[in-house]
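> Give me a 3D structure for the following:
(2 chains)
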Amino acid sequence: MMSRPGLAGLLLLGLLVTRAGLSQGVGGSVAIDANVIGQALTITTLSDLNFGSVPKGVATTVQPTAAGAGAWQIQGSKNADVSVTFVLPALLTNIQALPGSTMPVSFGATSARWNRATNNVAAATVFNPSVGATGKLGPPANPFLYIWIGGTVTPAAAAKPGIYTGTIIVTIAYL
Amino acid sequence: MKRTGLSLALLCGAAPLAGQGVVIAPHAVFIDARTRSGAVLLYNPNADPAEVVISFFFGYPATDSAGSIVVRTVEHPDATSPSAASWIQAFPRRLTVPPLERQTIRLLASPPPGLADGEYWARLVISAKGGQLPVTGVADTAKLKVGLTLEVRTIIGVFYRKGAVHTGVTLSGLRTAVVGDSLAVWARLTQQGNAAYIGSAHAALLDSTGKTLAELKAPIGVYYAMEPRWALPIGALAPGRYRLRLDLSTGREDLAPELVLPSPPVRDSVEVRVP
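Numbers count the residues shown, from 1 in each chain, chains lettered A, B, ... in the order given. Model (predicted):
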């Protein structure tokens, strides 16, 4: 029986093969399109990092094992190595207040985890998101890698109410 | 359901996930000098549009001091580096992929005149940002609500091949150590020829009868020299003498055979003593 990645590859072949009425693009042809077919690589954000409502003047931490943690699923070639690195914000911005209303956010040495094959944060390997990690996708039945991230926000006692947001960039390099 | 819709549904798995992210295929692009073009397919399986930005840089997989494979980035490659990052362009470079739709990114190479035969490398960066973080419900205006949006950057390899390209690998310094319930394996791999060695590593632990007790298979790319570390789960191995065999071959299940440069298999082995 064909594996799911194998099936995905075949389906992508079907998607990429040129059909009548579709633009060929620069230098496009059936042969060229067929040459670039390979397995798909999918990175899905399972959940954003969400601290919810936090009290003023008190640091609030979301552990990578908590429900509010950010989480990604990576699907690709079985047993492939991928490097995981982050660009992390230091300040969050209040999008409902006047410019300049910010909140510090920090990430510690145990703020991130990764796990091979299964969506199981309890069994995952701890790593420092500021340093990054090299992970391995799972074996044939589960060619997945999961990543979780938490963090700590430290609102000032005089922080203005509103919604504070920022962006975490995760970079996945296929090795 | 239309055939394409069914295909996309199957492509994304039987249990679609709610988060943002795009499907990228293939995970490595090979461009032939005769056509100078390639393509990458993006598919957005989500309910929100995905903003995508495409860029290139020069880098290649290498190993750090622990044997982990990392991407070594070269910001200013010199003239001797086989970098194609400055002369491969993507069209378009910025786009929005609507929900449940696909877009094709065309890659066009414009190499400098007189480029020598060989393989040239670049890394393609696909930055995808989905919808805004759903932090809502600030009915109590005295509250602080906090959330962070997660943006995803995916990096895949781009290979431009001109003329006669050939590859190979040498294997040396094979050694092992029992670490907990695993056997750590190190080896020095050095690329040969004028193209990266794209292949697979197969490590097997054998007993005195030749029976395989543990094994590991992993894809590997050797661009210069590297010293990767693998870990074979061996559990509680009885004291004695074993043999670790490491095979490198250019077979790759995730790449079309015609894209993989053939090279003779390479093998080495070393005795493993478990006290």
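> so who does A:Ala69 touch?
Under the criterion of C-beta atoms under 8 Å, 6 or more residues apart in numbering or on different chains, the neighbours of A:Ala69 are A:Ser47, A:Leu49, A:Val62, A:Gln63, A:Val121, A:Trp148, A:Ile149, A:Gly150. The C-beta positions use only the backbone N, C-alpha and C, and glycine is treated the same way.
> my bad, B:Val125
Contact partners of B:Val125, counting by C-beta under 8 Å, 6+ apart, are A:Thr171, B:Ile54, B:Ser55, B:Phe56, B:Phe57, B:Arg153, B:Thr154, B:Ile155.
> what packs against the lengthiest strand in chain A?
Longest strand in chain A by number of residues (criterion: DSSP state E): strand A:162-174. Packed against strand A:162-174, as judged by 3 or more C-beta pairs under 8 Å, 6 or more residues apart in numbering or on different chains; DSSP states H and E, are the following elements: strand A:41-47, strand A:70-75, strand A:81-87, strand A:91-94, strand A:102-106, strand A:144-149, strand B:118-129, strand B:144-162.
> What residues sit buried inside the shortest one?
Applying a neighbour-count criterion of 16 or more other C-beta atoms under 10 Å in any protein chain shown, one finds A:Leu92, A:Thr93, A:Asn94 buried in strand A:91-94.
> Name the residues of the stretch 151-275 of chain B found near chain A, please.
Contacts of the stretch 151-275 of chain B with chain A, taken as C-beta under 8 Å from any C-beta of the partner chain, map to B:151-157, B:216-219, B:221, B:253-256, B:258-259.
> mind running it again at 7 Å?
Applying the criterion C-beta under 7 Å from any C-beta of the partner chain, the portion of the stretch 151-275 of chain B that neighbours chain A consists of B:151-157, B:217-219, B:221, B:254-256.
> which residue sits closest to B:Arg153 in space, ignoring its chain neighbours?
A:Thr171 (4.2 Å; C-beta to C-beta, 6 or more residues apart in numbering or on different chains).
> That neighbour contacts B:Glu151, correct?
No. Between A:Thr171 and B:Glu151 there is no contact, the gap being 9.4 Å when judged by C-beta atoms under 7 Å.
> one step back: buried stuff in the longest strand of chain A?
A:Gly162, A:Ile163, A:Tyr164, A:Thr165, A:Gly166, A:Ile168, A:Ile169, A:Val170, A:Thr171, A:Ile172, A:Ala173, A:Tyr174.
> Same check on stretch A:107-118?
Along stretch A:107-118, these residues count as buried under the neighbour rule (16+ other C-beta under 10 Å): A:Phe107, A:Ser111, A:Ala112, A:Arg113, A:Trp114, A:Asn115, A:Arg116, A:Ala117.
> between those, which is nearest B:Tyr197?
The shortest approach to B:Tyr197 among the buried residues of stretch A:107-118 belongs to A:Arg116, at 24.7 Å (C-beta to C-beta).
> show me the contacts for the nearest residue to that closest one once chain neighbours are set aside.
Take A:Arg116 and drop its neighbours on the chain: the residue closest to it by C-beta to C-beta, 6+ apart is A:Gly138, 5.0 Å away. With C-beta atoms under 7 Å, 6 or more residues apart in numbering or on different chains as the criterion, the residues that contact A:Gly138 are A:Lys78, A:Arg116, A:Ala117, A:Phe144, A:Leu145.
> Can you tell me which one of these sits lowest on pLDDT?
Scanning these for pLDDT, the smallest score is found at A:Lys78, 81.
> so that one sits in a helix?
No. Membership of A:Lys78 in a helix is not supported by DSSP: H, G, I helix; E, B strand; the rest coil, which gives coil.
> ok so, going back, okay, the contacts of A:Gly138 in TSV with distance to A:Phe86 next?
Formatted as TSV, the entries for the contacts of A:Gly138 read as follows, by distance: C-beta to C-beta, whole Å:
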residue	distance to A:Phe86
A:Lys78	25
A:Arg116	19
A:Ala117	22
A:Phe144	19
A:Leu145	15
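> center of chain B - which residue?
B:Ile156 (6.1 Å; C-alpha atoms, centre = their mean).
> Tell me what that residue is bridged to.
Under the criterion DSSP bridges, B:Ile156 forms beta bridges with B:Leu124.
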